[in-house]
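Student: how would this look folded up:
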Amino acid sequence: MGNITRREFASHCTGALALGGLFAAFPGVAGATGGTEAGSADDSASEDLTTLSLSEASARIHNRSVTSTQLTQALLARIAVYNPKLDAYITVMAAEALKQAAQLDQEAKAGKFRSPLHGIPISLKDNIDTAGTRTTAASPMFRTRVPTEDAEIVTRLKAAGAVILGKLNLHEFALGCTGDVSYFGPARNPWSLDRVTGGSSAGSGAAVAADLCYGALGTDTGGSIRVPSSWCGIVGIKPTTGLVSIRGIIPCTASLDHCGPMARTVEDVALMLTQMTGYDNLDIFSVDGPREDYTKLMKQPVSTFKLGAPPEFYDHLEPEVAVAVSAATDVLTKLTRGVTSRATLPTLPQGTFFTGLGDTAAYHQVLIKESGPDYMPPTLARMEQQMSQIPTAAESSRVHTELVMIRRTVDAAFAEIDLVVVPTTIMIPPKIDDALAAEMGNIKEKPAYDFFNPRSGCSNTAPFDVYGIPALTLPCGFSKSGLPIGLMIAGPHFSEGKVLALAYTFQQATDWHKRKPELTPGTPVPPIVETVVDAAKKS
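Tutor: Numbering: from 1, shown residues only. Model (predicted):
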């Protein structure tokens, strides 16, 4: 494959590369954004159905007041209108989704329901393999890559009756917290189209927030589920390491990678997570954890919970984030035994920790030898840096040992508290042009990507991937300009039930999750500023 040029990068940034043209260039690949096969569902009915939560849609399928085909048609019609504005989807699997929906409708008609996910259209981050449909990691390296097998999590979701609607945009190879670096153009935030969604599960956050699917899968290595969930005003959970299989998912940093659900409400992610967990003998990171019904555990009382607010996670907050999180903490104080700032979590190594693991370099070294360094310019700079600093076997072994010890001892921090509550991010989402300018400016410096750096947006989320413990974000407020702000709740290993219960109770006491971005068919899409294009051309 040939390298993408700087001119092509500029074109992607400005949206000049139309998705319709991309799909036309790949006739053997399923689904085109412009051709959704939406059937005869009328516009008003479609709009009503797309605004349902996943749990509401599930209830309607089970009481037979709606069919999976109707839900799928409604979403496909909405995708046709709004995806050109958002760049949330890379591939829309229209024909396959409608075929799945028709089969599941027949089963429902016969009274056979596979699970609460029966007939529910969900979408996948495009680093999760799907047999027969390309999985690109948003990279020119994989623009024509078509897997022959589904990822294990896709197999499980299909068995549970989920309809796979399409593949969602992301930060290239999941190597960033903004979502702006993608071969298919940057995903845009539905709350403000000139803002990033957060990454790397950028399209997942945008699609859920804009009612383009009922739920989505994301992956999380330094915050890639929680950052876009926070900045798009939805709910997302990174479960305990190994609780959900990552086999068949293109790795970012394998030892830190997680897969989890993103949806509109706490009930929705609880319902999805219940169907996603389970031991996978062929996934070396999988753990034989408890099989739980999280929709039941979610409703346990929280009045006896004691919460911690580790002060190290409250540094450098933007004022509007600080105000929203303080108000959320006041609510939680009334709902529980209280919140103490005397809690603390283990201090983590900075800077070289992610590089020292060697996982990213190990995967991409083989890839580069086979196909050449065919990346977007910012990712190429990062890869060149990674390849120049591949850790020795001794260094990698030392860092992996350190990671194991951190994960074995972190639960001791919860000896006197049940859960911790912290701001999901320290800032509101930046503008896409500013984020891209920073990406392009880093090309010559070729810095190591540091998820702990506050400027990355992942400084509060990244430690929980190292700890390997469950962490959830949900909306807790908005900035004056109408941008969502998230609250993160985390607990010791396998405490997903408690985490969900506190989130559910907070959600019941507030109405932040009920707000919707004001998108219309006439909403203009702001261009990327000329200075960013110039920077791309000159790099």
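Student: since we're on the spatially closest residue to L282 that is not a sequence neighbour, how many residues are nearby?
Tutor: The shortest distance from L282 to any residue that is not its chain neighbour, by Cβ to Cβ, 6 or more residues apart in numbering, is 5.7 Å, and that residue is R247. Where you see a C-beta, it was placed from the backbone N, CA and C, and this is true even at glycine. By other Cβ atoms under 10 Å, 18 other residues sit near R247.
Student: any idea how far A254 is from R247?
Tutor: Taking Cβ to Cβ, to the nearest Å as the criterion, R247 is separated from A254 by 11 Å.
Student: just I128 next, same as before
Tutor: Spatial separation of I128 from A254 under the definition Cβ to Cβ is 14 Å.
Student: Between those two, which is the more surrounded one?
Tutor: In this comparison of I128 against A254, neighbours counted by other Cβ under 10 Å, the higher total goes to I128 at 28 against 17.
Student: give me every residue that touches the more buried one.
Tutor: For I128, the contacting residues are T135, A151, I153, V154, K167, L217, T219, G248, I249, I250, C259, taking Cβ atoms under 8 Å, 6 or more residues apart in numbering as the criterion.
Student: for the stretch 251-400 of the chain, what spans make up the helices?
Tutor: 266-276, 294-297, 319-335, 353-357, 359-371, 377-388, 393-409 (DSSP state H, counting those that start in this stretch).
Student: Going by mean pLDDT, which of those helices comes out lowest?
Tutor: Confidence, taken as mean pLDDT, is least for helix 353-357 of the helices of the stretch 251-400 of the chain (a mean of 82).
Student: CA atoms of that helix as CSV?
Tutor: Listed in CSV are the C-alpha atoms of helix 353-357, where the atom choice follows Å, rounded to 0.1, in the frame of the first residue of the first chain:
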residue,chain,number,x,y,z
PHE,A,353,5.1,3.3,31.0
PHE,A,354,2.9,2.7,27.9
THR,A,355,6.0,2.5,25.6
GLY,A,356,7.8,0.3,28.1
LEU,A,357,5.2,-2.4,27.8
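Student: what's the longest helix in this protein?
Tutor: For the chain, the longest helix by residue count, based on DSSP state H, is helix 68-86.
Student: Run through the residues that contact P319.
Tutor: With contact set as Cβ under 8 Å, 6+ apart, P319 has no partners.
Student: gap between it and D411?
Tutor: Here the distance between P319 and D411 works out to 34 Å (Cβ to Cβ).
Student: ok so, going back, can you tell me which of the contacts of I128 are in helices?
Tutor: Here DSSP H is the test, and those give I153, V154 as lying in helices.
Student: quick one: which of the contacts of I128 is nearest to A381?
Tutor: The shortest distance between A381 and any of these, using Cβ to Cβ, involves I250 and amounts to 19.9 Å.
Student: quick one: contacts for the closest one?
Tutor: Listed by Cβ under 8 Å, 6+ apart, the contact partners of I250 are N127, I128, D129, T135, A137, F142, F173, A174.
Student: ok, now how distant is it from L419?
Tutor: 32 Å.
Student: How far away from the center of its chain is stretch 400-418?
Tutor: Distance of stretch 400-418 from its chain centroid, counting by Cα atoms, centre = their mean, to the nearest Å, is 25 Å.
Student: Go through that stretch and flag the buried ones.
Tutor: H400, E402, L403, I406, R407, V410, A413, F414, I417, D418 (16 or more other Cβ atoms under 10 Å).
Student: Identify, from the residues you listed, the entry nearest to K296.
Tutor: Sorting the buried residues of stretch 400-418 by distance to K296 puts D418 at the head of the list, at 18.1 Å, by Cβ to Cβ.
Student: what number of residues lie near the residue lying closest to that closest one once chain neighbours are set aside?
Tutor: Of all residues not flanking D418 in the chain, F305 sits nearest, at 4.4 Å (Cβ to Cβ, 6+ apart). Number of residues near F305 (other Cβ under 10 Å) recorded here: 21.
Student: Tell me which residues touch F305, please.
Tutor: Counting by Cβ under 8 Å, 6+ apart, the residues that F305 touches are T336, R337, D418, L419, K498, L502.
Student: Give me the phi and psi angles of it.
Tutor: Backbone torsions for F305, taken as degrees, to the nearest 10, come to phi -70, psi 140.
Student: Tell me which residue of the protein is furthest from the middle?
Tutor: For the chain, the largest distance from the centre (Cα atoms, centre = their mean) belongs to A110, which lies 35.2 Å off.
Student: quick one: pLDDT of that residue?
Tutor: For A110, pLDDT reads 98.
Student: Now it. Its backbone dihedrals?
Tutor: phi -90, psi 0.
Student: Can you flag the buried ones in the contacts of I128?
Tutor: In terms of neighbour count (16+ other Cβ under 10 Å), the buried residues within the contacts of I128 are T135, A151, I153, V154, K167, L217, T219, G248, I249, I250, C259.
Student: Can you tell me which of these is nearest V208?
Tutor: Closest to V208, out of all of the buried ones among the contacts of I128 and judged by Cβ to Cβ, is L217, at 10.5 Å.
Student: Could you pull up the residues touching that closest one?
Tutor: Contacts of L217 by Cβ under 8 Å, 6+ apart are I122, S123, L124, K125, I128, I153, L157, S204, C259, G260, P261, M262.
Student: isn't L367 right up against S139?
Tutor: No: shown here, L367 and S139 do not form a contact pair, counting by Cβ atoms under 8 Å, at 9.7 Å.
Student: Among the two, which residue is more densely surrounded?
Tutor: Taking other Cβ under 10 Å, L367 and S139 do not tie; S139 has more neighbours (26 against 19).
Student: any idea of the pLDDT on that one?
Tutor: At S139 the predicted local distance difference test score is 97.
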